[in-house]
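1. Sequence first, then the predicted structure:
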Amino acid sequence: MPTNTTEKMLNGHKKDVRVWCDGCYDMVHFGHANSLRQAKALGDYLIVGVHTDEEITKHKGPPVFTEQERYKMVRGIKWVDEVVEGAPYVTTLETLDKYNCDFCVHGDDITMTAEGVDTYHQVKEAGKYREVQRTAGVSTTDLVGRMLLLTRNHFRQGQYEYDVEREHSSTMGQDSLARSPWTGCSQFLPTTQKIIQFSDGKSPKQGDRIVYVAGAFDLFHVGHLDFLEKAKQQGDYLIVGLHTDPVVNRYKGSNYPIMNLHERVLSVLACKYVSEVVIGAPYKVTKDLMDHFKVDLVVHGLTPVMADVDEADPFGYPKAINKFLSLDSGNDMTTERIVERIIRNRLEYQERNRQKEKKETDLLNSLRLKGLQV
Ligand code: CTP
Ligand code: C5P
């Protein structure tokens, strides 16, 4: 039963408020999830339209993930009720009517077509547009940038290089590097409030079978999603242990993780199969840990497992007590493969990032020229 205060009355009957969101949702991250969380809170039923590869390539350059991968990722977000595949890039009133949606929700950034037209102009004019707060410090563009930098200092270096460049350009008397307030965002600042908003806050019920998995879950992707779906089928309550950044760095190599622990926590919490997250789980799954969380089964995928610093198998204990399951996710996506895709298409993505920032800074400058505050 809907309980939202925005419920409407229709012929004496309560009518669900149906909310529409759309976007590329490429390399789905917690910024997307946070916008969908806020959108869902404005109504009762959330429909998300996801654009095709062809549309995205035309308007902002090639996506990193295929449309099939992006559709699946959006379906995996816990606030999403329905996904519309191949939604048009420009949101029309016909689209809202077709899916019986009351209004459209988007973050407070600007989205333009290849021709520089606001993709939401129609719904804005019709008063069917609502805005939610964009999550500062993360975007597909930013993540691609981090991978292109491929440095351990990726959280700061981009900003630093930019500052140096800007200082240089201001001494040259140019303002050409004015940063977009939308995409050119600073570092993400994690808060306990955000974790509370993302968490279900539910403890396991009496008799629930508790499943535990652990890993990096860096750049949360379709391989992780398929794995978590199958892991959840093994029980009722799924706990995901996330390793700290130094631990991940030890077993994945010098450039990983791409996303820090706090960012990984939110990405995993947004997944509909996940009940609880351990923020900085020990690498070794010990008796203490299993007793503490009353774990019935420990599950791991088919990806290789590196020995602990003492050379021991991190899953040695659950294996010894017969509470370990090796599970085939049926998906061969890995974080490394994503990075490879980016590196392989380095020039295309660099150009894509440059074009997007340029489009936004051009708009920003023209709004400022008109005396508008941004
Ligand atoms: N969004 C958000 N916070 C972010 C990133 C995206 O709230 N940090 C929202 C956007 O405002 C939009 C939705 O997520 O409502 C879908 O965004 P999308 O079209 O996929 O674009 P971006 O993630 O902004 O990707 P890019 O940086 O490539 O433009
Ligand atoms: O590599 P990472 O630590 O992020 O993996 C987390 C979990 O997801 C591991 O159990 C891993 O085996 C599993 N996984 C999977 N299929 C993939 C990618 C990861 O089963 N394609």
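-> Cool, got the structure. Ligands and ions are numbered 1, 2, ... in the order given.
2. Can you name the element that comes right after the helix or strand containing Val211?
-> Assessed by DSSP states H and E, Val211 sits inside strand 210-215. Where DSSP H and E defines the elements, the next helix or strand beyond strand 210-215 is helix 222-232.
3. could you check whether that next one is close to ligand 2?
-> Yes. Judged by C-beta under 6 Å from any ligand atom, helix 222-232 comes into contact with ligand 2 through Gly223, His224, Phe227. Placement of C-beta: from N, CA and C, glycine included.
4. Adding neighbour count, write the residues you listed out as CSV.
-> What follows is the residues of helix 222-232 next to ligand 2, written out as CSV (neighbours: other C-beta atoms under 10 Å):
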residue, neighbour count
Gly223, 20
His224, 27
Phe227, 26
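5. Of the residues you listed, which is the nearest to Thr244?
-> Each of the residues of helix 222-232 next to ligand 2 was checked against Thr244 using C-beta to C-beta; the closest is His224, at 17.8 Å.
6. Give me the nearest residue to the closest one, chain neighbours excluded.
-> In space, not counting the residues next to it along the chain, His224 is nearest to Phe217; the distance is 5.5 Å by C-beta to C-beta, 6 or more residues apart in numbering.
7. Neighbours of the one you found, how many?
-> The number of residues packed around Phe217, counting by other C-beta atoms under 10 Å, is 26.
8. CA atoms of the helix or strand hosting Val144 as PDB?
-> Mapping Val144 onto the secondary structure by DSSP H and E places it in helix 140-149. Once side chains and other backbone atoms are set aside, the C-alpha atoms of helix 140-149 remain, and they are given as PDB (Å, rounded to 0.1, in the frame of the first residue of the first chain):
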ATOM      1  CA  THR A 140      30.700   9.100 -15.300                       C
ATOM      2  CA  THR A 141      32.900  11.800 -16.700                       C
ATOM      3  CA  ASP A 142      34.900  12.000 -13.500                       C
ATOM      4  CA  LEU A 143      35.300   8.200 -13.200                       C
ATOM      5  CA  VAL A 144      36.600   8.000 -16.700                       C
ATOM      6  CA  GLY A 145      39.000  10.800 -15.900                       C
ATOM      7  CA  ARG A 146      40.300   8.800 -12.800                       C
ATOM      8  CA  MET A 147      40.900   5.800 -15.000                       C
ATOM      9  CA  LEU A 148      42.700   7.800 -17.600                       C
ATOM     10  CA  LEU A 149      44.900   9.300 -14.900                       C
END
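9. Run through the residues that contact Gly107.
-> Gly107 sits next to Gly31, Ser35, Glu131, Val132, Gln133, Arg134, Thr135 when contact means C-beta atoms under 8 Å, 6 or more residues apart in numbering.
10. re the thing from before, do me a favour and average the pLDDT over the strand holding Val211.
-> What strand 210-215 shows for mean pLDDT is 98.
11. Now tell me what touches it from outside.
-> Contacts to strand 210-215, defined as C-beta under 8 Å, 6+ apart, come from residues 204, 227-228, 231-232, 234-243, 278, 281, 283, 285, 289-290, 293-300, 314.
12. Restricted to helices, list those residues.
-> With helices identified by DSSP state H, the entries of the contacts of strand 210-215 that belong to them are Phe227, Leu228, Ala231, Lys232, Leu289, Met290.
13. Intersect these with the contacts of ligand 1.
-> Intersecting those with the contacts of ligand 1 gives an empty set (criterion: C-beta under 6 Å from any ligand atom).
14. Is ligand 1 within reach of the helix holding Val144?
-> Yes. With C-beta under 6 Å from any ligand atom as the measure, helix 140-149 is seen reaching ligand 1 through Thr140, Thr141.
15. What segments of this structure are strands?
-> In chain order, the chain shows strands spanning 8-10, 13-15, 18-23, 45-50, 82-85, 103-107, 129-132, 210-215, 237-242, 276-279, 297-300, 324-326, with DSSP state E as the criterion.
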